[in-house]
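Engineer: please work out how this folds:
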Amino acid sequence: MRTDKQLTLGTAKLGMPSYGFSDGYALKDPVNFILRSLNQGITFIDTSPRYGNSEELIGEALKLSKKKPSISTKIDNLIPQSRDTPNSMMKSINESISKLHTSIDICYLHQNEIEIISDRYVHEGIKILKDNNMVKEFGTSVYSEEELIYTLDCGIYDWVQIPVNILDTSFYHIVNCHVSNTKIAARSVFLQGLIFDNHRVRLNIKDHNQLLDTLDQLRRLSSEFGINIQQLSVAYISSLEKIDQIIVGTISDNKLSENMDSIKLQLNESLIYSIEKIAAKSKIWSNPRNWKS
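Structural biologist: All right, here's what the predicted structure looks like:
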C-alpha cells in the first residue's frame, strides 16, 4: 500500500453547518478550528464558493498562520457554450484568491454535467488560467460514469474527485481499469454522514432496506476486527492504490485527529477482501442525485 496518501480537510460544514447528515451545529470560532487543523498536520484544504463563507474563514486563518497549506477551490455557475466563460472563470478565481489570501493549487469545476466539462470555452478558460499561473492544476468532480470516463480520457484534467466509500467503490474500479495520468481524490467517504445514522438513512433514502442491511454487515466486520466505522472507512479508502487524496469534512478536533490516524492504519487482508465483496457493485442509493429531495 502507498504511504503518501493525502488527507484533505473538506470545509463545506464550515460555511454551511447544516450540510450533510451529521449534527448541524455551527462552530463558535471556525477560524481557530482551521488553525488547530493546521497544527495537527493538515497540509491540504478543499473549499468552494458554494460553501457559504468558508473561503473567507480559511483566508482569515491563513493570515494568522505561519503554516501554508495547499488549497483547492471550485468554479461554479458556468453557462454551456458561452463565449464569456473564460472571463467568468478568471473572475471566479480572482475572487477566490482575494478571499483566501493565497494562491490556488487545484481548481475543480463544481458543475459536473458533461456539457460543462466537455465545453470548448471551459477548456479555453482552463488554458488561460494555467498560462497566467492563476491555478496550478485543474479537475472535475463527477457523479456519473460518463463524466468520469470523459475526464480520464480527454487529456484536459489533472484531477478528478470521485465518490468512493466502504459501501460503493464502483467509480474506483472504473479508474482502476483505465490507463490515465489523472490524479484521484476520494470524496463522500462517509456518504455525507449517512453511514453513521440509521434513522437518517430511513428518512433520506427511498429504498433504504438494502443500505441498512449493508451497514449491518459492515458494523459486524467493524466489531469483529476491533475498529469503528469511521476508522474503517478512512483506512479502507487509504488502502486503494490509485487514490491520491482523501477529502474528509469535519468540524470536530477529535474526529479530525482520528481520521489522520486512520489513514495510516494497515488493514488485515481478509478484512479488505470482505469489504471489497460488499462495495464493488454500484448501488443506486450511493448517489445523492437519487436521494429524497
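
Engineer: would residue 140 count as being in a strand?
Structural biologist: Yes. Per DSSP: H, G, I helix; E, B strand; the rest coil, residue 140 lies within a strand segment.

Engineer: how distant is the helix or strand hosting residue 258 from the center of its chain?
Structural biologist: Assessed by DSSP states H and E, residue 258 sits inside helix 253-262. The chain centre lies 16 Å from the centre of helix 253-262; the measure is Cα atoms, centre = their mean, to the nearest Å.

Engineer: what sits up against that helix?
Structural biologist: The contact list for helix 253-262 (Cβ atoms under 8 Å, 6 or more residues apart in numbering) reads 7, 9, 33, 36-37, 40-42, 230-231, 233-235, 238, 248, 250. The C-beta positions use only the backbone N, C-alpha and C, and glycine is treated the same way.

Engineer: now stretch 18-38: average pLDDT?
Structural biologist: Stretch 18-38 carries an average pLDDT of 81.

Engineer: picking up where we left off before, list just the nearest of the contacts of helix 253-262 to residue 182.
Structural biologist: residue 238 (19.1 Å; Cβ to Cβ).

Engineer: show me what contacts the closest one?
Structural biologist: 1, 5, 246, 262-265.

Engineer: by neighbour count, which of those wins?
Structural biologist: Counting neighbours by other Cβ atoms under 10 Å, residue 246 comes out on top of the contacts of residue 238 with 25 neighbours.

Engineer: pLDDT weak spots in this protein?
Structural biologist: By pLDDT under 70, the weakly predicted segments of the chain are 1-4, 20-25, 292-293.

Engineer: beta partners for the residue nearest to the spatial centre of it?
Structural biologist: Centroid-nearest residue in the chain, with Cα atoms, centre = their mean: residue 187, separated by 2.9 Å. On the basis of DSSP bridges, residue 187 is bridged to residue 163.

Engineer: surely it and residue 163 touch.
Structural biologist: Yes. Shown here, residue 187 and residue 163 form a contact pair, counting by Cβ atoms under 8 Å, at 6.0 Å.

Engineer: residue 205 against residue 291, yeah?
Structural biologist: Yes. With contact defined as Cβ under 8 Å, residue 205 and residue 291 form a contacting pair (6.2 Å).

Engineer: secondary structure class for the residue of the chain most remote from its centre?
Structural biologist: The C-alpha centroid of the chain is most remote from residue 83, which lies 29.7 Å away (Cα atoms, centre = their mean). Secondary structure, three-state DSSP: residue 83 is coil.

Engineer: quick one: it from residue 53, how far?
Structural biologist: 31 Å (Cβ to Cβ, to the nearest Å).

Engineer: and for residue 259?
Structural biologist: Using Cβ to Cβ, residue 259 is found at 24 Å from residue 53.

Engineer: so for these two, which residue has more residues nearby?
Structural biologist: Under the criterion of other Cβ under 10 Å, the comparison of residue 259 against residue 53 puts residue 259 first, with 25 against 15.

Engineer: roughly how far does that one sit from residue 220?
Structural biologist: From residue 259 across to residue 220, the span is 22 Å (Cβ to Cβ).

Engineer: how about residue 55?
Structural biologist: 41 Å.

Engineer: same thing with residue 263?
Structural biologist: Counting by Cβ to Cβ, the gap from residue 263 to residue 220 is 24 Å.

Engineer: now do the helices in the stretch 51-200 of the chain.
Structural biologist: For the stretch 51-200 of the chain, the helices defined by DSSP state H, counting those that start in this stretch cover 54-64, 85-100, 114-117, 120-131, 145-154, 170-176, 198-204.

Engineer: and stretch 10-20, C-alpha only, in CSV?
Structural biologist: Extracted C-alpha coordinates of stretch 10-20, given in CSV (Å, rounded to 0.1, in the frame of the first residue of the first chain):
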residue,chain,number,x,y,z
GLY,A,10,-13.2,19.4,3.4
THR,A,11,-14.8,22.7,4.5
ALA,A,12,-18.5,22.5,3.4
LYS,A,13,-19.6,22.4,7.0
LEU,A,14,-17.5,25.4,8.0
GLY,A,15,-19.6,27.7,5.9
MET,A,16,-22.8,25.6,5.8
PRO,A,17,-23.3,24.0,9.3
SER,A,18,-26.5,22.1,8.1
TYR,A,19,-24.6,20.4,5.2
GLY,A,20,-24.9,16.6,5.1
